[in-house]
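Novice: let's see this in three dimensions:
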Amino acid sequence: MFLLKSIGSVIWGKSDAALMQLPSGSLNKVTTRTTATTTQVSKQLLFKDATLTVRRSNVPFNYQLVATRLFEEGEDEVEAEGESLDDEDDTEVSFLLDESLHLLVTDATVRWTDPLAPAGTLVHYEYEAFDASAATLSAFEGVAYTSMYERRAKKSHSDATDDELDKYFAFVRAGAVANANAVAAAAKKVGALVNSIFIHIHTFPAAKQKQQQPEKTPVKREAKEMKGPVHDVKSNATPTQSPVPMSMGTTPLAINKNLTPSGESIVKVEGDLYLYDNRVSQFNMMRESITAEIIRTARFEFHLIISDAAQAYISQPIDNSMNPQFNTHATCFVWLWKQEDGSDTVYPWSIKFADAAQEALFRDAFGACMYEALNKTDFLKVKAEDRKYLVNAYQEDVEMEDADEEEEKEAAEEEDSSESEDEGAFMEAPDNSAPGDKTAKISNLTIGHGDRSYFVRGHSIGVLGHPDADSVEYSTVINNVKSLSDNKSFTPSKVLLHDQDKSMLLMRPNEDHIVYRMDLNVGKVVEEWKIDDVTPVTEIIPESKNAGMTPSRNLVGINHNSIFRLDPRLETKLVRSESKTYASNVGRFNCATTTASGKLAVGSSKGDIRLYDKLNVRAKTHLPGLGDPVSGIDTTESGKWVIATCKNYLLLVCTEARDTKAAGRSSTFSGFNKSLGDQKPFPVRLQLRPEHVAYMGGVVSFTPARFNTSSGNNSGEFEETSIVTSTGSFVVTWNFRRVKQGKLNDYTIKQYGTDIVADNFKFGEDKNILVALPEDICMTSRKSLQTPTKMLKSRSSIVNSPY
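Specialist: Coordinates of the predicted model:
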């Protein structure tokens, strides 16, 4: 303290953002993981040489601990040639200076806890003893602890007495030492890994639940034990309906417990409550030792209530707007909560559970309740083999079958171009608006198999040319699309390229028994295919994924409860020997897609997916839905992966499983050919992280997601690398290779000035994306998209606004 006083005016009186810096050391991540039989401690080098700085942030009384990579001569130039897709900047990592870091300075290291990493993860900044004197380390610790004090007390340290600061420093140091000792003890102790406890929500009333819950690990309460004049974060709580986040300058205001709904308790666990603050890009602790409880308020209606012994903080119905994510390694749950004051402001909250057992207990109960809320049916009526499939879909951290087989090839496949992110991003029409019916907006986009693509604008069809690999231009427009029978103009509701892109098949709104064929060489409708008077057609697709590149004339059609083949050469077009009709209770069939070999996948209004190898038989595999309608579906060429688009998430499913009955252990079979039964691989929800959704406006509505496609000359060896979709004004891509490695948050985004109508990769590649806006068509380079974290960092406006 004496040293800090002597140099304090020099350090804190500076106008620089950096208050104090250790000039050289290595940055490492040390992770301790316990399995059923062993405890493994791994050490990962993050930066070979780096500085460690205590830095001011743009938020008063908030400071960051920043490690910045130091480059050897010429090394930075080599690194600059590549492009990192990680959320973090690859030259700097930062942590909000808060007591939860448990920061401890020793004679060889500065160590702290990574609050967003799995339990047992520490960050070590290591230096040689002769590189940092005892006086320097003491001053660095004092500056760091003083920064924590200002964040906690919401006032300058200069307004505190020496006794206050001494007590606070002793408190923080004691907590850091206790945390270090706890981690060390855990590394020596090998315990049984807690297995996921499956909840039958109808058989666990509140009275019995206490007997069923595993023994809890107490949540740390150092802050409550702190005595002295340090500001109590709970002292200003006042009853109200709407919590106000601490990160905006005040504590959360409580909800009167009498105003929360009542009902049957389904699950009740303990943990700590956190709120994400975009201004410092981190979850901040709001309350220690809260209770998270799910109650049933009515049949198929559930409520999440966050409270402590004195008051409630959040009361929220369970529905798909929560955008829920569970992270098993970090034992936490993240979701969105919308403020009900008319502002529609959305906040990302998180619960850090007391232990892994409570996370598993809550996750299983939450998945079951969400299923009932969306499907309006009892979860226990679901087949036993499907229950685990459904509740595991909410996990953020998953192990994929291909995880060890996939290689990261992005660097070799990235564009060689060094253009900036804005150069060459899109090509517009001279009048900044697409041609066609100017009284209407663009409503559809179809990617051609050659050098043409098409869009629908009112009664017109615009033709796009691709003069080179990286640009698009308006070639011509087909005006006044008319039917043959009544000579009336119409706006096509569905379009499909056909017969080697020589024809385009059109469907007319409110007319579901006729398919129109337009000859693209003459720009007119030349045929009307009457299906029959009984069977409606709501969707038409090629009979195989690349059939549009061939002279094949046959199609596959669907309606609300039927699948069938269409042959234009027949009088009624419908091939009755290759059709299948279901009872109405299967849910409405919304969309379909085919693989390269002609296997069929169909998505329904109930969210389930059916896989077929033939059209005249029942589905070989039925994949149950989470409850949200499937609005779009696509497969890889091989059919191994299916991606279904729901409103606020994409559901990625592997259709292959290991054949346990086969002689070879590595033998697999496809769900298109044989029922997956109880061997269904767990589905993966690809969704935007709740904190990013909050920044993007709080509402997600994905357009149909697509894999990139091959050029058709790959002899069945093509491997998809990317997924594209959009929501609102943002185009979004996932790196499919990294998704298969379990990295579900590896996505990039780009914002436009208006909502996106449709999007897809240019045929045969994944470097360029065609984006349809209401008035224009753009081509954007995938390289111009950014990680959401980088986009947030580039927006200075977020410093002074919640989101």
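Novice: so what pLDDT did residue 344 get?
Specialist: We have a pLDDT of 70 for residue 344.
Novice: any idea how far the top helix by length along the chain is from the middle of the chain?
Specialist: Counting by DSSP state H, the longest helix found in the chain is helix 162-188. Its chain's C-alpha centre and that of helix 162-188 lie 36 Å apart, by C-alpha atoms, centre = their mean, to the nearest Å.
Novice: now that helix: buried residues?
Specialist: 164-165, 167-169, 171-173, 175-176, 179-180, 183, 187 (16 or more other C-beta atoms under 10 Å). In short, each C-beta sits where N, CA and C put it, glycine included.
Novice: show me what it is packed against.
Specialist: Helices and strands touching helix 162-188, by 3 or more C-beta pairs under 8 Å, 6 or more residues apart in numbering; DSSP states H and E, are strand 18-34, strand 39-56, strand 104-105, strand 109-113, helix 134-153, helix 222-225.
Novice: who are the packing partners of the first one?
Specialist: For strand 18-34, the helices and strands in contact under the criterion 3+ C-beta pairs under 8 Å, 6+ apart are helix 2-12, strand 39-56, strand 63-69, strand 121-126, helix 134-153, helix 162-188.
Novice: make JSON lines from these and add mean pLDDT and distance to residue 607 to it.
Specialist: Shown next, in JSON lines, are the helices and strands packed on strand 18-34 (pLDDT from 0 to 100; distance: least, C-beta to C-beta, whole Å):
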{"stretch": "helix 2-12", "mean pLDDT": "50", "distance to residue 607": "57"}
{"stretch": "strand 39-56", "mean pLDDT": "87", "distance to residue 607": "38"}
{"stretch": "strand 63-69", "mean pLDDT": "92", "distance to residue 607": "42"}
{"stretch": "strand 121-126", "mean pLDDT": "90", "distance to residue 607": "35"}
{"stretch": "helix 134-153", "mean pLDDT": "89", "distance to residue 607": "44"}
{"stretch": "helix 162-188", "mean pLDDT": "83", "distance to residue 607": "40"}
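Novice: including distance to residue 568, could these go into CSV?
Specialist: Listed next are these as CSV, based on distance: least, C-beta to C-beta, whole Å:
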stretch, distance to residue 568
helix 2-12, 80
strand 39-56, 60
strand 63-69, 62
strand 121-126, 61
helix 134-153, 71
helix 162-188, 68
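Novice: closest one to residue 355 among these?
Specialist: Shortest distance between residue 355 and these, using C-beta to C-beta, is found for helix 162-188: 11.8 Å.
Novice: could you give the angle of that closest one to helix 134-153?
Specialist: Interaxial angle of helix 162-188 relative to helix 134-153 (axes from the mean of the first three to the mean of the last three C-alpha atoms, to 10 degrees): 100 degrees.
Novice: so residue 620 sits against residue 601, correct?
Specialist: No - between residue 620 and residue 601 there is no contact under C-beta atoms under 8 Å: 10.7 Å.
Novice: hey, what's in contact with both of those two?
Specialist: Each of 611-612, 672 lies in contact with both residue 620 and residue 601 under the rule C-beta atoms under 8 Å, 6 or more residues apart in numbering.
Novice: closest one to residue 787 out of those residues, please.
Specialist: Residue 787 has its nearest neighbour among the shared contacts of residue 620 and residue 601 in residue 611, at 33.8 Å by C-beta to C-beta.
Novice: the strands in the stretch 701-803 of the chain, which residues?
Specialist: 706-707, 722-727, 730-735, 747-751, 758-761, 768-772, 777-781 (DSSP state E, counting those that start in this stretch).
Novice: now render those as a markdown table, adding distance to residue 315, mean neighbour count and mean pLDDT.
Specialist: Putting the strands of the stretch 701-803 of the chain into a markdown table (distance: least, C-beta to C-beta, whole Å; neighbours: other C-beta atoms under 10 Å; pLDDT from 0 to 100) gives the following:
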| stretch | distance to residue 315 | mean neighbour count | mean pLDDT |
| --- | --- | --- | --- |
| strand 706-707 | 39 | 23 | 96 |
| strand 722-727 | 28 | 23 | 96 |
| strand 730-735 | 30 | 23 | 95 |
| strand 747-751 | 32 | 20 | 93 |
| strand 758-761 | 38 | 23 | 92 |
| strand 768-772 | 40 | 24 | 93 |
| strand 777-781 | 42 | 21 | 90 |
